[in-house]
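Trainee: Here is the input, now give the coordinates:
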Amino acid sequence: MPSPSWDYIAKLVCIGDSGTGKSSLTIRLCEGRFSPHHDVTIGVEFGSRIVPVGPPNTQPPKPKPSISRDHSAADISNGLPEPRRAEVQAEQKHMKLSLWDTAGQETYKSVTRSYFRGASGALLVFDISRRPTFSHVQDWLNDLRQIAEPDIVVVLVGNKSDLAAGDENKREITKEEAEEWAKRNGVLEYVETSAKSGEGVELAFGRVAERIYMNIEAGKYDLNDRTSGVKGPGAIRGSRGNVKLGGPAKVGWGGGCC
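Mentor: Here you go, the predicted structure:
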């Protein structure tokens with residue numbers, strides 16, 4: 001049986017008030033499309049996406065060599081360029097993001113909270129055009145940290161940035177205010193997104209995945225622990241690639257794109 005196309009699998013949850021665009025963000029990442037009309041999430045919906053993590057994907061571009069350089073007398077006389085040193089290219093790692101899109105209504109909170117358990121990453125989503133959704137992110141974060149892993153990676157996401165463009169600017173929360181909240185509450189960073197245009201969506205999910213990978217490299221997870229929100233190659237091989245994180249979901253729009 002062929003080996004899986006990823007090296008790690010991590011459980012991520014999208015949380016926040018109803019109508020902030022959590023489902024639209026997940027669909028945009030997994031299927032590359034935007035649906036202006038999406039049914040309200042009941043319980044939890046599931047999707048997945050494989051993303052590159054670590055070098056060489058994260059390595060900055062190398063500076064171009066200077067035109068002027070010293071040559072040995074032998075090189076000059078023979079008209080030969082300087083020999084290049086062999087470079088060891090790091091093998092690209094890939095992480096499968098197991099995405100759990102949770103309902104935002106108070107009615108389903110007892111259900112959605114149960115899916116926080118074992119999550120290694122979270123997108124805390126609010127609507128930049130509705131201040132109440134931003135006011136509630138503190139409650140969502142408190143609930144998450146009570147149940148999820150102690151060092152869960154959280155990114156604050158201000159969705160619907162397209163509503164802040166043009167003359168009819170509907171923005172109610174500034175970038176500075178959101179960034180200050182993220183810093184004050186120990187959240188990794190603040191990213192603005194538009195599920196409609198796709199702007200910032202890959203960045204938001206990518207930031208979470210990259211920090212989880214850094215935590216893997218730092219030895220913060222037991223990759224063979226079946227209760228962990230991150231699984232490694234050993235767990236993948238042992239399960240023939242069918243690794244599940246967090247138990248069954250009430251599947252809505254699909255079982256993932258990757």
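
Trainee: Looks like Cys14 contacts Ser98 (just checking).
Mentor: No: with contact defined as C-beta atoms under 8 Å, Cys14 does not count as touching Ser98 (11.7 Å). No exception for glycine: its C-beta is placed from N, CA and C like everyone else's.

Trainee: neighbour count winner among these two?
Mentor: Cys14 (28 against 25; other C-beta atoms under 10 Å).

Trainee: any low-confidence regions in the stretch 151-258 of the chain?
Mentor: By pLDDT under 70, the low-scoring segments of the stretch 151-258 of the chain are 234-258.

Trainee: where along it do the helices fall?
Mentor: 175-184, 201-217, 233-238 (DSSP state H, counting those that start in this stretch).

Trainee: out of those helices, which comes closest to Ala148?
Mentor: Comparing these against Ala148 with C-beta to C-beta, the closest turns out to be helix 201-217 (12.8 Å).

Trainee: What about the closest residue to Arg211 other than its chain neighbours, how many residues nearby?
Mentor: Using C-beta to C-beta, 6 or more residues apart in numbering and skipping the chain neighbours, the partner closest in space to Arg211 is Val153 (4.6 Å). Look at Val153: counted by other C-beta under 10 Å, it has 25 neighbours.

Trainee: again with the one 3 residues further on
Mentor: Using other C-beta under 10 Å, Leu156 has 26 neighbouring residues.

Trainee: so it makes contact with Val137?
Mentor: Yes: using C-beta under 8 Å, Leu156 is in contact with Val137, at 6.8 Å.

Trainee: Mutual contacts of those two, please.
Mentor: Each of 124, 126, 181 lies in contact with both Leu156 and Val137 under the rule C-beta atoms under 8 Å, 6 or more residues apart in numbering.

Trainee: CSV for the residues you listed, including neighbour count?
Mentor: Listed next are the shared contacts of Leu156 and Val137 as CSV, based on neighbours: other C-beta atoms under 10 Å:
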residue, neighbour count
Leu124, 25
Phe126, 27
Trp181, 18
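
Trainee: Quick one: those residues as JSON lines, columns for distance to Asn224 too.
Mentor: Shown next, in JSON lines, are the shared contacts of Leu156 and Val137 (distance: C-beta to C-beta, whole Å):
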{"residue": "Leu124", "distance to Asn224": "29"}
{"residue": "Phe126", "distance to Asn224": "36"}
{"residue": "Trp181", "distance to Asn224": "36"}
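
Trainee: Now do the strands in the stretch 1-150 of the chain.
Mentor: Using DSSP state E, counting those that start in this stretch, the strands of the stretch 1-150 of the chain run over 8-16, 44-53, 93-102, 121-127.

Trainee: between those strands, which gets the lowest average pLDDT?
Mentor: Lowest mean pLDDT within the strands of the stretch 1-150 of the chain: strand 44-53, at a mean of 87.

Trainee: angle of that one against helix 201-217?
Mentor: Orientation check (axes from the mean of the first three to the mean of the last three C-alpha atoms, to 10 degrees): strand 44-53 against helix 201-217 gives 70 degrees.

Trainee: mind listing what strand 44-53 pairs with, with the direction of each?
Mentor: Strand 44-53 has the following strand partners under DSSP bridges: strand 93-102 (antiparallel).

Trainee: any idea how far the strand it pairs with is from the chain center?
Mentor: Taking C-alpha atoms, centre = their mean, to the nearest Å, one finds strand 93-102 lying 7 Å from the centre of the chain it belongs to.

Trainee: quick revisit: mind checking how far the residue nearest to Arg211 is from Asp162?
Mentor: Going from Val153 to Asp162 by C-beta to C-beta, to the nearest Å gives 26 Å.

Trainee: Ala90 contacts Pro56, doesn't it?
Mentor: Yes: using C-beta under 8 Å, Ala90 is in contact with Pro56, at 5.5 Å.

Trainee: I'm done for today, thanks for sticking with me.
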